[in-house]
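Enquirer: Take a look and give me a structure for this.
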Amino acid sequence: MEINKKMILAAALLLCLVSSQIETAVPSAADCYDACTTACVQSNTRLMQRCERKCQIKCGPAGSRVSGKNLG
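Expert: Residues are numbered from 1 along each chain as shown. From the prediction side, this is the model:
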């Protein structure tokens, strides 16, 4: 019985060790643009294009300069 408990504890420790080494995905500008344009769906095409342009400004390469500003 004692050996069985040690094996379970060792397996749990190994599982914790392996799961701590898993890398997470880093968000990119494409993720920002995709998330932003998802909110741009409207029936008015002019407003939709305006929203998409704001997303390009917010999430584009120059987006880090204007990210603190209110684009809405």
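Enquirer: all contacts plus neighbour counts: C-alpha atoms, from now on.
Expert: Will do.
Enquirer: Could I have the CA atoms of the helix or strand that residue 35 is a member of written out in CSV?
Expert: Residue 35 belongs to helix 29-38 when elements are defined using DSSP states H and E. Provided in CSV are the C-alpha atoms of helix 29-38 (Å, rounded to 0.1, in the frame of the first residue of the first chain):
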residue,chain,number,x,y,z
ALA,A,29,-1.0,42.5,-34.0
ALA,A,30,-3.1,40.1,-36.1
ASP,A,31,-5.0,39.0,-33.0
CYS,A,32,-5.6,42.6,-32.1
TYR,A,33,-6.9,43.5,-35.6
ASP,A,34,-9.1,40.4,-35.7
ALA,A,35,-10.6,41.0,-32.3
CYS,A,36,-11.2,44.7,-33.1
THR,A,37,-12.8,44.1,-36.5
THR,A,38,-15.1,41.5,-35.0
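Enquirer: from now on call the first residue 758
Expert: Right, with 758 as the first residue, what we last looked at is helix 786-795.
Enquirer: If you compare the directions of the next helix or strand after that helix and helix 786-795, what angle comes out?
Expert: Later in the chain than helix 786-795, the nearest helix or strand by DSSP H and E is helix 802-816. Helix 802-816 runs at 150 degrees relative to helix 786-795, counting by axes from the mean of the first three to the mean of the last three C-alpha atoms, to 10 degrees.
Enquirer: Which parts of helix 802-816 count as buried, going by neighbours?
Expert: For helix 802-816, burial by neighbour count (16 or more other C-alpha atoms under 10 Å) applies to 805, 808, 809, 811, 812, 813, 814, 815, 816.
Enquirer: Fine by me, thanks again.
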